[in-house]
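[1] Pasting the sequence and the predicted coordinates here, then a few questions.
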Amino acid sequence: MKSLITQGVRILGTGSAVPDLVINNHQMSEIVETSDKWIINRTGIKERRVLTGVNKSVVDIAYFAAIRALQQVGMNPLEIDLIILATSSPNDLFGSASQLQAKIGAYKAVAFDLTAACSGFVIGLVTATQFIQNGSYQNILVVGADVLSKWTDWSDRNTCILFGDGAGAVIMQACSVEKNSILGFQLNTDGQKYDQLSLRYREHINSSQNFQFFQGAFQYITMNGKEVYKFAVSKVPANILQCLDSLNISSGDVDWLLLHQANERILNAVADRLSIESNKLLSNLSKYGNTSAASIPLALDEAIQEKKILKDDIIVISGFGAGLTWGTIVIQWKC
């Protein structure tokens, strides 16, 4: 659906962070049976970052991304009204956003986690937009952060070569309608195919004299790669076109296409189906791999720092992944 613009919303600033440890494809070949050539040909990934250290969690890299976004715009953390942490790898099942709130000193902010895997950041942007447009909040920090290395089966070469850890953040702010940068969005879900990409909870039974207790633990990431590829290259272009059509924008008017950094083949296939030139495709997949909810804000922040994105550029941002969920948000850059 397209949001009715009654209150302007703009992205004020961005920030990102990745762990220090780099694992390249040659090192991956020492972990599982694979090779640099095999990984690059199938994914486009050359290396990925992995979070290490005792008690290090998603909060640690989310903190650095958030602080860098705040520093970029000179904003005091106490000015933040709401924090949305898009993550599927919290260090506490009750949520990690409150820990982030405390760590950055945003003591006046409400904070909550949003779980939608690789679509999480896009849904976070849409959610923040709604809170600003209805007048609830003025300044919102949206962070996409994941440490999927903690949930990766490092003996499964079909998945362990793909994922990396990282975080990206944006600060969204209320503004005049004339300066509005959030043009519209389109979100979708197909829960019937949730099992194509999942991180499941597995039960076991603990029996006492009088009761049976059903307890368990979460397993590792599992993925049907062929089905996820078919889903992405069919559903994502259609979703983008539906969103663009609702805004009377053609694919030729798009300055930048920023997709979830899942696989180079998917990125190129989606761009081809939209007839968008490869030089308009923003990608840092080769350096970081699939960082889930962090992939889009990571790439956005890099493009901003490299001064690729200019004032009034139209950016189509699309996330897709587990759920299955997928969604698009169209932005006109105003900074």
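    Arrived safely, thanks for sending. Every value quoted in this text rests on a predicted model; they were computed, and no experiment measured them.
[2] Export the host helix or strand of K226 to CSV, keeping only CA atoms.
    Element membership for K226 (DSSP states H and E) is helix 225-246. Provided in CSV are the C-alpha atoms of helix 225-246 (Å, rounded to 0.1, in the frame of the first residue of the first chain):
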residue,chain,number,x,y,z
GLY,A,225,18.7,-22.1,-1.9
LYS,A,226,17.0,-22.8,-5.2
GLU,A,227,13.5,-21.9,-3.8
VAL,A,228,14.8,-18.7,-2.2
TYR,A,229,16.4,-17.7,-5.4
LYS,A,230,13.2,-18.3,-7.4
PHE,A,231,11.1,-16.5,-4.8
ALA,A,232,13.5,-13.4,-4.9
VAL,A,233,13.8,-13.0,-8.6
SER,A,234,10.0,-13.3,-9.2
LYS,A,235,8.4,-11.6,-6.2
VAL,A,236,10.9,-8.7,-5.6
PRO,A,237,10.7,-7.1,-9.1
ALA,A,238,6.9,-7.4,-9.1
ASN,A,239,6.8,-5.8,-5.6
ILE,A,240,9.1,-2.9,-6.7
LEU,A,241,7.1,-2.3,-9.9
GLN,A,242,3.8,-2.2,-7.9
CYS,A,243,5.3,0.3,-5.5
LEU,A,244,6.7,2.5,-8.4
ASP,A,245,3.4,2.3,-10.3
SER,A,246,1.5,3.5,-7.3
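[3] can you give me the helices for the protein?
    Using DSSP state H, the helices of the chain run over residues 25-28, 36-43, 58-73, 97-104, 120-133, 157-160, 225-246, 264-274, 285-288, 295-305.
[4] which strands and helices sit next to the third one?
    By that I understand helix 58-73. Packing partners of helix 58-73 (3 or more C-beta pairs under 8 Å, 6 or more residues apart in numbering; DSSP states H and E): strand 8-17, helix 97-104, strand 139-147, strand 165-175, helix 295-305. Any C-beta I mention is one placed from the backbone N, CA and C, and that applies to glycine too.
[5] And for the second one?
    Under the contact definition 3+ C-beta pairs under 8 Å, 6+ apart, helix 36-43 sits against helix 25-28, helix 264-274.
[6] Give me the phi and psi angles of the residue sitting furthest away from the middle of the chain.
    What lies farthest from the middle of the chain is Q209; by C-alpha atoms, centre = their mean that is 46.6 Å. Backbone torsions of Q209, given as degrees, to the nearest 10, read phi -60, psi -30.
[7] Quick check: the nearest residue to G216 once chain neighbours are set aside vs S149, distance?
    Take G216 and drop its neighbours on the chain: the residue closest to it by C-beta to C-beta, 6 or more residues apart in numbering is E203, 4.0 Å away. Distance of E203 to S149, computed by C-beta to C-beta, to the nearest Å: 25 Å.
[8] between these two, which one's more packed in?
    S149 (21 against 10; other C-beta atoms under 10 Å).
[9] OK, contacts around the residue nearest the centre of the chain?
    Here the mean C-alpha position of the chain is nearest to the C-alpha of A293 (C-alpha atoms, centre = their mean), at a distance of 2.2 Å. A293 sits next to 86-88, 116-121, 124, 144-146, 319 when contact means C-beta atoms under 8 Å, 6 or more residues apart in numbering.
[10] can you pick the most crowded of those residues?
    A145 (37 neighbours).
[11] How about that one: what's its closest non-neighbour residue?
    Of all residues beyond its chain neighbours, the one nearest A145 is A167 (3.6 Å), with distances taken as C-beta to C-beta, 6+ apart.
[12] residues near the one you found, how many?
    Neighbour tally, A167, other C-beta under 10 Å: 35.
[13] now the one 5 residues further on
    Counted with other C-beta under 10 Å, the burial measure for M172 works out to 26 neighbours.
[14] my read: it touches Q138, true?
    No: M172 is beyond contact range of Q138, at 9.5 Å (criterion: C-beta atoms under 8 Å).
[15] Please identify every residue contacting each of those two.
    Common contact partners of M172 and Q138 (C-beta under 8 Å, 6+ apart): I132.
[16] Kindly export stretch 62-80 (C-alpha atoms) in PDB.
    Extracted C-alpha coordinates of stretch 62-80, given in PDB (Å, rounded to 0.1, in the frame of the first residue of the first chain):
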ATOM      1  CA  ALA A  62      24.500  -1.800  16.900                       C
ATOM      2  CA  TYR A  63      26.000   0.600  19.400                       C
ATOM      3  CA  PHE A  64      28.800   1.700  17.100                       C
ATOM      4  CA  ALA A  65      26.400   2.100  14.100                       C
ATOM      5  CA  ALA A  66      24.000   4.200  16.200                       C
ATOM      6  CA  ILE A  67      26.700   6.400  17.700                       C
ATOM      7  CA  ARG A  68      28.200   7.100  14.200                       C
ATOM      8  CA  ALA A  69      24.700   8.100  12.900                       C
ATOM      9  CA  LEU A  70      24.200  10.400  15.800                       C
ATOM     10  CA  GLN A  71      27.700  12.000  15.500                       C
ATOM     11  CA  GLN A  72      27.100  12.500  11.700                       C
ATOM     12  CA  VAL A  73      24.200  14.900  12.500                       C
ATOM     13  CA  GLY A  74      25.400  16.200  15.800                       C
ATOM     14  CA  MET A  75      22.400  14.900  17.700                       C
ATOM     15  CA  ASN A  76      22.400  14.200  21.400                       C
ATOM     16  CA  PRO A  77      21.000  10.700  22.200                       C
ATOM     17  CA  LEU A  78      18.500  12.300  24.600                       C
ATOM     18  CA  GLU A  79      16.800  13.800  21.600                       C
ATOM     19  CA  ILE A  80      15.800  10.300  20.300                       C
END
